[in-house]
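Visitor: give me a model of this one.
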Amino acid sequence: MYDRAVNSGLLTLTVAQPGRLDKAIAVLLPMLSRSAAQRLIAQGRVRVDDLARDADFRVQPGQTIVVDLPEPLPEVPQAESLALDILYEDQSVIVINKPAGMVVHPAPGNLSGTVVNAVLAYAPEVVTVGDARRPGIVHRLDKETSGLLLIAKHEPALRALQSQFKARTIKKTYLALCVGHVSPERGAIDKPIGRDPSKRRHMAIIAGGREAVTQYVVTEVFAPPGGQGAACYSLVRAHPLTGRTHQLRVHLASIGYPIVGDVLYGMRKDELTRKLRPRHMLHASELTFVSPASGQEVKVHAPLPDDMRRVLDALSSPSAPDQ
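Guide: Residues are numbered from 1 along each chain as shown. From the prediction side, this is the model:
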């Protein structure tokens, strides 16, 4: 991401010459390339006079740029003896049930304790598969999303699975608990997603963004016994046909039904979130793909995790959601 000789932390720079923000950073910090500066800006790690700006923002002499440099990543993730819940394995793939709170691969702020660290201890041969910083990883789940994750055990398997994703033949099913009674109860959300220009760490529905399509169906509606006006919630089975960052979270919020517990895109003050303080209630429950080893279709199911089950049980209880 950037030269490892640069110390992580906040750096304060003073602009001497007018010009683009990304170019100014590259001049003031010559150990950073312009593309590295652009990545830091996109990640929300750069502020000009305490305001977030885009890479093409024109800075002026005397302005202050604060750059938040992340910790440098190790060249190769280290193996760590961590528990893995393996639901399927053959000669080409491993399918795990990722717990909420576990990061998929090392990144600034999460340099250890990730799925990749655990996989390298379990199957050391994966170290040579794909990107050296995220070996074996075919697709990703957000840190707080639980459920099924595919890992390729060798390079041909990685290429075969990537081809299946590109052809949209891999079928993914998620369960999401949403705020409100989702209406219509069955439908498709076809809205392009891109980086939010005003909140660089967020994604948003943006004209000119990348194609994003989600099919969904409501499987259950929870109406607490408070009567008319009381909050209700919907359990939604969602099928993303594309794989955009935060796709389900952004799409469901865009139609007015954010995922419970989602502090980025949701309603932080909904009743259930205040009472139970859940992580965002999103679980990758089913995955169907063709095994590169056998050529046969494989379907894997991950049961609801305990924390999500407790929230649903609370909604089903006469005292929900005060329990």
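Visitor: all helices for the stretch 101-250 of the chain, in order.
Guide: 115-122, 155-166, 247-254 (DSSP state H, counting those that start in this stretch).
Visitor: average pLDDT for the first one?
Guide: Yep, that's helix 115-122 we're talking about. Helix 115-122 comes out with an average pLDDT of 97.
Visitor: one more: the longest one?
Guide: Within the predicted structure, the mean pLDDT of helix 155-166 is 97.
Visitor: show me what that helix is in contact with.
Guide: For helix 155-166, contacts defined as Cβ atoms under 8 Å, 6 or more residues apart in numbering pick out 92-93, 128-130, 136, 138-139, 150, 152, 170, 243, 289-290, 292-293. C-beta coordinates here come from the backbone N, C-alpha and C atoms, glycine included.
Visitor: for it, which positions count as buried?
Guide: A157, L158, A160, L161, Q164, F165 (16 or more other Cβ atoms under 10 Å).
Visitor: TSV for the residues you listed, including distance to R309?
Guide: Shown next, in TSV, are the buried residues of helix 155-166 (distance: Cβ to Cβ, whole Å):
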residue	distance to R309
A157	33
L158	33
A160	34
L161	30
Q164	31
F165	29
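Visitor: now the two most distant members of these.
Guide: A157 and F165 (12.7 Å; Cβ to Cβ).
Visitor: show only the entries of the contacts of helix 155-166 found in strands.
Guide: Residues of those located in strands (DSSP state E): V93, L150, A152, F289, V290.
Visitor: and the furthest pair within the contacts of helix 155-166?
Guide: T128 and G243 (24.2 Å).
Visitor: out of the two, which sits in the busier spot?
Guide: Between T128 and G243, counting by other Cβ atoms under 10 Å, G243 is the more crowded of the two (15 against 11).
Visitor: hey, where'd the strands end up in the stretch 151-300 of the chain?
Guide: 171-179, 186-190, 193-195, 203-205, 213-222, 233-240, 282-290, 297-301 (DSSP state E, counting those that start in this stretch).
Visitor: what residue spans form the domains of this structure?
Guide: 9-69, 73-167, 168-323 (automatic domain parsing).
Visitor: of the ones in strands among the contacts of helix 155-166, closest to P184?
Guide: Nearest member of these to P184, counting by Cβ to Cβ, is F289, at 29.6 Å.
Visitor: residues contacting the closest one?
Guide: When contacts are counted by Cβ under 8 Å, 6+ apart, F289 touches V93, L150, L161, Q164, T169, I170, K171, E297, V298.
Visitor: got it, and R237?
Guide: R237 makes contact with T173, Y174, L175, Y216, V217, V218, T219, according to Cβ under 8 Å, 6+ apart.
Visitor: and the first one, how many neighbours does it have?
Guide: Other residues within reach of T173 by the criterion other Cβ under 10 Å amount to 20.
Visitor: again with the fourth one
Guide: Summarising burial for Y216: neighbours were counted as other Cβ under 10 Å, giving 26.
Visitor: what sits opposite it in the beta ladder?
Guide: G187, A238 (DSSP bridges).
Visitor: report the contact partners of the closest residue to R53 other than its chain neighbours.
Guide: Closest residue to R53 apart from its sequence neighbours, by Cβ to Cβ, 6 or more residues apart in numbering: L21 at 5.6 Å. L21 makes contacts with A37, I41, V46, V48, R53, D54, A55, D56, F57, R58, V59, I65, as judged by Cβ under 8 Å, 6+ apart.
Visitor: I41: which element?
Guide: helix 34-42 (DSSP states H and E).
Visitor: okay, buried residues for that helix please.
Guide: So helix 34-42, judged by 16+ other Cβ under 10 Å, has buried residues A36, A37, Q38, R39, L40, I41.
Visitor: export it to PDB, keeping only CA atoms.
Guide: Extracted in PDB, the C-alpha atoms of helix 34-42 (Å, rounded to 0.1, in the frame of the first residue of the first chain):
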ATOM      1  CA  ARG A  34       0.200   9.100  -6.300                       C
ATOM      2  CA  SER A  35      -1.900   5.900  -6.600                       C
ATOM      3  CA  ALA A  36      -1.200   5.200  -2.900                       C
ATOM      4  CA  ALA A  37      -2.300   8.700  -2.000                       C
ATOM      5  CA  GLN A  38      -5.500   8.100  -4.000                       C
ATOM      6  CA  ARG A  39      -6.200   4.900  -2.000                       C
ATOM      7  CA  LEU A  40      -5.700   6.700   1.300                       C
ATOM      8  CA  ILE A  41      -8.100   9.500   0.100                       C
ATOM      9  CA  ALA A  42     -10.700   6.900  -1.000                       C
END
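Visitor: is it true that D307 lies in a helix?
Guide: Yes: the assignment for D307 (DSSP: H, G, I helix; E, B strand; the rest coil) places it in a helix.
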